[in-house]
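1. This is the structure alone, sequence omitted:
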């Protein structure tokens, strides 16, 4: 047992008594008039602010916290932070005098917490020195800088065609089971493998807890958890917690951004977030609009995603990148929430079910995906080899539908289809295997230069693997240089081309 | 459909009538209105709103609990604390409070009892 100092004990006791003495003053109180479905209606407290925390003094559970969302003439609608059991009409309510905040700081790294910062991983309580407000204004115009540094996902199809920059908001959108979370996961893993120093904040909104547990286990196995915070909410959690999760996660990520570091936010997924907000709004009796969502559902996500930014040099040049995820129904990207989030973000990666079941994974649609600001952030090395990759792949997928009919095709079209098939094969990538810059550059370069033209489509991946192994063993110095991201020198290009041609000979069929 | 009148406005109307010396008449009118608009369930909340409105105009309906009977000095102190022009005070002696006083006014509360301090100290994690 630890030694107990009587002096310290008596000092602590005196401090607490002094604090209690100073707390005695006339305080504003209200009363719960009715409660149900996670919402308490409060009479009084006319001076409550929007999103201010209320403390309900219950007989059964002590203090239960809620936050004020509906400030009306006669009453306040407050959403309970937890179960409504134990809260009853007649309970006294008082203002806490602060808006909702969560613990922030490096103490959270490696932890799984709920949106209030309470550990869910069975570990010790989080003794964070700082707390950050859950709702916070986004950085203004002058505090920002254009997105110019790459955030490598390690997924060749993304880094080559839809590059993401630090501070960008890139939406991952697609039907269920098309590999949306897998892309987010690979991006997190790549940050650890490439030692980028980017902190990951994964926000699970209403995700099955078994899925979250699996994900955390995987992150631990891959050694990513040390630089990751997981904010988890399950389907059985109250809608209030699901609503708060992305804001709480962002507050945690902002700490790193504001301290000159780089953080990556993953919101999995904002469709469930909008549904949780719709539930809360309907229970608060706000007028329903399209698809029964409240009128401010756009603002719900725009104010969240606007907090992701690249800061100016004066503010430390930190960044907060966001990868929000949206689940569509039958590939309908013109539904209400998808169109909202598409218009808010700086581009989207669209996952196609058809591609997924054809075995083209990651099932990224070249035609519907776009990155609006990432071009400036793309590494020179990747940019130099992937210039027309997106265009030729889109054209190939158009032409491929003609090719299925076996009609006579001219030589140029045949060549385009042939190259397209090889590119498609090349861009297939197994899960949890993100690759570095040099591997991406030499792979795309080899196909573009026609080094793999003689390789049968089925063996393109084998040829790529052989090429990477050969280059890594025989030309490690050049590849390490290439991995820095600078454009490939002519000498290196020649070296790669020759090696690729040599390797390809073994796979010609 | 007639516009729903808020409880705050109803309370304002009733307090105006009370100010004119028509207390009974005001209550009758209010009761009739609540029955007519099928809002009788709100009677308790309307009463609270009337208390709030009276407090906003300087007249407080206060309940004071203390371990021992309170004297005139304390009554004056309560009036000063609430910045009230008039206080309707109901008093209760509750020995379980050990010492100090608890004041409950519309929308306001002061708990300066020894019992609360002990309970609060008990909840603090040292």
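-> Now that the structure is in, tell me what you want to look at. Remember, predicted model here, so these are calculated numbers, not experimental data.
2. quick one: contacts for the spatially most central residue of chain A?
-> Geometric centre of chain A, nearest residue: residue A:266, 1.3 Å, by Cα atoms, centre = their mean. Contact criterion Cβ atoms under 8 Å, 6 or more residues apart in numbering or on different chains gives A:184, A:187-188, A:200-203, A:322-325 as the residues in contact with residue A:266. Using the backbone N, CA and C atoms, a C-beta is placed for each residue, glycine as well.
3. now the strand or helix carrying it: mean pLDDT?
-> Here residue A:266 sits within strand A:262-268, counting by DSSP states H and E. In this model, strand A:262-268 has an average pLDDT of 98.
4. Ok, stretch A:93-101 next?
-> pLDDT averaged over stretch A:93-101 gives 91.
5. Check stretch A:156-172 too.
-> 96.
6. how long is it end to end?
-> The first and last residues of stretch A:156-172 sit 16 Å apart, counting by Cα to Cα, to the nearest Å.
7. got the buried residues for that stretch?
-> A:156-172 (16 or more other Cβ atoms under 10 Å in any protein chain shown).
8. all strands for chain B, in order.
-> B:59-66, B:86-93, B:100-105, B:108-113 (DSSP state E).
9. just to revisit the earlier point, paired strands for the strand holding residue A:266, with orientation please.
-> With DSSP bridges as the test, strand A:262-268 is paired with strand A:199-204 (parallel), strand A:319-327 (parallel).
10. Make CSV from the ones you listed and add mean pLDDT, distance to residue A:477 and mean neighbour count to it.
-> Output for the strands paired with strand A:262-268, formatted as CSV (pLDDT from 0 to 100; distance: least, Cβ to Cβ, whole Å; neighbours: other Cβ atoms under 10 Å in any protein chain shown):
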stretch, mean pLDDT, distance to residue A:477, mean neighbour count
strand A:199-204, 98, 31, 27
strand A:319-327, 98, 31, 27
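11. Make a markdown table out of those strands and add distance to residue A:373.
-> Below are the strands paired with strand A:262-268 laid out as a markdown table (distance: least, Cβ to Cβ, whole Å):
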| stretch | distance to residue A:373 |
| --- | --- |
| strand A:199-204 | 21 |
| strand A:319-327 | 11 |
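12. one step back: what's the following helix or strand after the strand holding residue A:266?
-> helix A:270-283.
13. which residues sit against that next one?
-> Counting by Cβ under 8 Å, 6+ apart, A:37-39, A:69, A:79, A:205-207, A:239-240, A:242-243, A:245-246, A:267, A:288, A:291-294, A:297, A:300-301, A:324-327, A:337, A:341 sit against helix A:270-283.
14. Kindly report the same for stretch B:64-73.
-> B:74, B:78, B:89-104, B:113-114.
15. ok, now with 6 Å
-> Here stretch B:64-73 makes contact (Cβ atoms under 6 Å, 6 or more residues apart in numbering or on different chains) with B:91-95, B:97-99, B:101-103.
16. Make a ChimeraX selection of the buried ones in the residues you listed.
-> Typed into ChimeraX, the line below selects the buried ones among the contacts of stretch B:64-73, using 16+ other Cβ under 10 Å:
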select /B:97,101,102,103
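17. which residue ranges form the strands in the stretch 301-450 of chain A?
-> Along the stretch 301-450 of chain A, counting by DSSP state E, counting those that start in this stretch, strands occupy A:319-327, A:347-351, A:370-371.
18. Run me through the strand neighbours of the shortest one, direction for each.
-> Looking at strand A:370-371 with DSSP bridges, its paired strands and their directions are strand A:347-351 (antiparallel).
19. list the buried ones in stretch A:231-248?
-> A:231-234, A:237-248.
20. Out of these, list just those in helices.
-> Members of the buried residues of stretch A:231-248 lying in helices (criterion: DSSP state H): A:239-248.
21. Show me the helices in chain B, by range?
-> B:7-19, B:23-36, B:43-56, B:72-82, B:114-123.
22. could those helices go into a markdown table alongside mean pLDDT?
-> As requested, the helices of chain B are exported to a markdown table (pLDDT from 0 to 100):
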| stretch | mean pLDDT |
| --- | --- |
| helix B:7-19 | 92 |
| helix B:23-36 | 92 |
| helix B:43-56 | 93 |
| helix B:72-82 | 92 |
| helix B:114-123 | 83 |
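23. will you turn the ones you listed into a markdown table that also has distance to residue A:32 and mean neighbour count?
-> Shown next, in a markdown table, are those (distance: least, Cβ to Cβ, whole Å; neighbours: other Cβ atoms under 10 Å in any protein chain shown):
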| stretch | distance to residue A:32 | mean neighbour count |
| --- | --- | --- |
| helix B:7-19 | 16 | 18 |
| helix B:23-36 | 21 | 13 |
| helix B:43-56 | 12 | 19 |
| helix B:72-82 | 24 | 14 |
| helix B:114-123 | 20 | 13 |
